[in-house]
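K.L.:
Here is my input; please provide its structure:
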Amino acid sequence: MNRVVVTGLGVVSPVGNDVPAFWSNLKAGVCGIDAITKFDTEQYKVKVAGEVRDFDPRQYMSKLDVLHSDLYTQFAMAAACQAMEDSGVLGTVAPERIGVYMGTGIGGIATFMAEHQKLLEKGPRRISPYFIPMMIANMAAGMIAMRFQCKGAALPAVSACASGSNAIGEAMRVIRHGYADVMIAGGAEATVNALSAAGFSTMQALSFSENPLEASLPFDVRRSGFVMGEGGGALILEEYEHAKARGARIYAELSGYGSTCDAYHMTAPHPEAEGGARAIADAWRETGVETDRIYINAHGTGTPMNDKIETMAIRKALGDARAEKSMISSTKSMTGHMLGAAGAAEAVAAVLALREGIAPPTIGLTQPDPECDLDYVPLKARKAEFDVSLSVSLGFGGHNACLAFRKTGGEQ
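P.N.:
Presented below is the predicted three-dimensional model:
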């Protein structure tokens, strides 16, 4: 099988709208969670979110394309454009040999809300002819493919909070098996809105803390739910020999991927962490590296059930000794939960942690839960050399995904 490497990165997030800002703020422990500005929260228990701020889609798209696309597509396009520019791959690969896998959990929900309101107030004839293409979950992948003339496969991955990771992992398999030389892969989400907040609130999934610094508390005994986030992330995946031949900068090798389903419950993880553990174990086994120098970007949502089950999954997958030597952190403590974008943005963080030898912190972790008894890098970033980094995503519907990155020896 072909080897797959990462040659470009892009991100839009609550802690920065490009990779340098995102990574710098994660290392510094900057919290991107603040009071919600996108809707009036007077009737809501939820008051804070990880909003993307100062984002201008016109940096990446024409005025017409902005008008005809949902915000989730704009986030995806921005991340993809950054990653493509970073990689320098454009023009080095035939259109038929490059594809796009871009995940999203929900897709164009803001468009859906706006057009539904229009239907109620003005009637069916006033619905935009662009309503359907703006709303559907494949459109980010489609518009990115149009932008860069990617004529290979262009698909969404829609697996809730695992969408971004599944998109990246499945894109890796496309290259491994020879169907493409380059893939643009990642995820995007734009769900900080009144309807999403109401839905997540009534299912008791969200933190209702009004203090941004005490709302997203992964692995802390005080945790009470996740914080909504938004944004987009993209990686350029490339066949190793293709990247070497063009002198590409290689960030890391994407060497492992696990994808499983709990087949247990709509929203709750399997109580024995069966599916999550298998996804992590599968990704770990594919790396082929024997090491205890591991960084794990945990799913780490800050919900009471997820964090202790994920701790169990890591122990089962790696064994107690290796799990206890690993450095693990949840960057959701800073970004909130970016849902379908989370796996992609966190994959960017995992790649950079491996490349720079820095584990970003889990901020706010001052009272560790005894049932979350691994090294979750509390409060401050930590410098260490890693041989492998893992990024874990666990989604509603029982979807579990894990990406494994290792050094190739050819990084530049």
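K.L.:
just the strands in the stretch 151-300 of the chain please.
P.N.:
Applying DSSP state E, counting those that start in this stretch to the stretch 151-300 of the chain gives strands spanning 154-155, 182-189, 231-239, 252-261, 294-297.
K.L.:
Can I get these in CSV including distance to residue 345 and mean neighbour count?
P.N.:
All C-beta spots, glycine's among them, are computed from the backbone N, C-alpha and C. Output for the strands of the stretch 151-300 of the chain, formatted as CSV (distance: least, CB to CB, whole Å; neighbours: other CB atoms under 10 Å):
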stretch, distance to residue 345, mean neighbour count
strand 154-155, 20, 20
strand 182-189, 8, 35
strand 231-239, 4, 33
strand 252-261, 16, 23
strand 294-297, 9, 28
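K.L.:
Output those as JSON lines; include the columns mean pLDDT and distance to residue 318.
P.N.:
Formatted as JSON lines, these follow (pLDDT from 0 to 100; distance: least, CB to CB, whole Å):
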{"stretch": "strand 154-155", "mean pLDDT": "98", "distance to residue 318": "31"}
{"stretch": "strand 182-189", "mean pLDDT": "98", "distance to residue 318": "25"}
{"stretch": "strand 231-239", "mean pLDDT": "98", "distance to residue 318": "24"}
{"stretch": "strand 252-261", "mean pLDDT": "98", "distance to residue 318": "12"}
{"stretch": "strand 294-297", "mean pLDDT": "98", "distance to residue 318": "7"}
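K.L.:
got those as a markdown table, with distance to residue 384 columns?
P.N.:
Putting the strands of the stretch 151-300 of the chain into a markdown table (distance: least, CB to CB, whole Å) gives the following:
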| stretch | distance to residue 384 |
| --- | --- |
| strand 154-155 | 37 |
| strand 182-189 | 27 |
| strand 231-239 | 23 |
| strand 252-261 | 16 |
| strand 294-297 | 8 |
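K.L.:
Going along the chain, name the strands of the stretch 1-150 of the chain.
P.N.:
Under DSSP E, counting those that start in this stretch, the stretch 1-150 of the chain gives strands at 4-12, 34-35, 48-49, 98-103.
K.L.:
Tell me how far residue 350 lies from residue 227.
P.N.:
The gap separating residue 350 from residue 227 is 21 Å, by CB to CB, to the nearest Å.
K.L.:
can you check residue 256 too?
P.N.:
Residue 256 is 29 Å from residue 227, by CB to CB.
K.L.:
same check, this time on residue 373
P.N.:
24 Å.
K.L.:
Which of these two has more residues huddled nearby?
P.N.:
For residue 373 versus residue 227, neighbours defined as other CB atoms under 10 Å are more numerous around residue 227 (27 against 14).
K.L.:
nearest residue to the more buried one other than its sequence neighbours?
P.N.:
Nearest non-adjacent residue to residue 227, counting by CB to CB, 6 or more residues apart in numbering: residue 336, 3.8 Å away.
K.L.:
What is the longest helix along the chain packed up against?
P.N.:
Longest helix of the chain, by residue count under DSSP state H: helix 71-87. Of the remaining helices and strands, those touching helix 71-87 by 3 or more CB pairs under 8 Å, 6 or more residues apart in numbering; DSSP states H and E are strand 4-12, strand 98-103, helix 109-122, helix 139-148, strand 182-189, strand 231-239.
K.L.:
Could you pull out the buried residues of the third one?
P.N.:
For helix 109-122, the buried set under the neighbour-count rule, 16 or more other CB atoms under 10 Å, comprises 109-112, 114-115.
K.L.:
so who does residue 178 touch?
P.N.:
residue 2 (CB atoms under 8 Å, 6 or more residues apart in numbering).
K.L.:
let's go with 10 Å and repeat that
P.N.:
The contact partners of residue 178, taken as CB atoms under 10 Å, 6 or more residues apart in numbering, are 1-2, 97, 239.
K.L.:
Now do it against residue 93, distance only.
P.N.:
14 Å.
K.L.:
Over to residue 401?
P.N.:
26 Å.
K.L.:
And residue 405, by the same measure?
P.N.:
22 Å.
K.L.:
between those two, who's got more neighbours?
P.N.:
Taking other CB under 10 Å, residue 405 and residue 93 do not tie; residue 405 has more neighbours (30 against 19).
K.L.:
show me where pLDDT drops low in the stretch 51-200 of the chain?
P.N.:
For the stretch 51-200 of the chain, no stretch has pLDDT under 70.
K.L.:
which neighbours do residue 178 and residue 93 share?
P.N.:
Contacts common to residue 178 and residue 93, judged by CB under 10 Å, 6+ apart, are residue 239.
K.L.:
Which residue ranges of the stretch 301-412 of the chain form strands?
P.N.:
327-329, 358-359, 382-383, 388-395, 399-406.
K.L.:
which one of these lies closest to residue 86?
P.N.:
strand 399-406 (16.3 Å; CB to CB).
K.L.:
and the closest one, how far out from the chain's middle?
P.N.:
The chain centre lies 11 Å from the centre of strand 399-406; the measure is CA atoms, centre = their mean, to the nearest Å.
K.L.:
pull the CA atoms of that strand into PDB?
P.N.:
Extracted as PDB, the C-alpha positions of strand 399-406 are listed here (Å, rounded to 0.1, in the frame of the first residue of the first chain):
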ATOM      1  CA  HIS A 399     -19.300   6.600  15.700                       C
ATOM      2  CA  ASN A 400     -15.600   6.300  16.800                       C
ATOM      3  CA  ALA A 401     -12.600   7.400  14.800                       C
ATOM      4  CA  CYS A 402      -8.900   7.700  15.600                       C
ATOM      5  CA  LEU A 403      -6.100   9.000  13.400                       C
ATOM      6  CA  ALA A 404      -2.400   8.100  14.100                       C
ATOM      7  CA  PHE A 405       0.500  10.300  12.900                       C
ATOM      8  CA  ARG A 406       4.200   9.400  13.000                       C
END
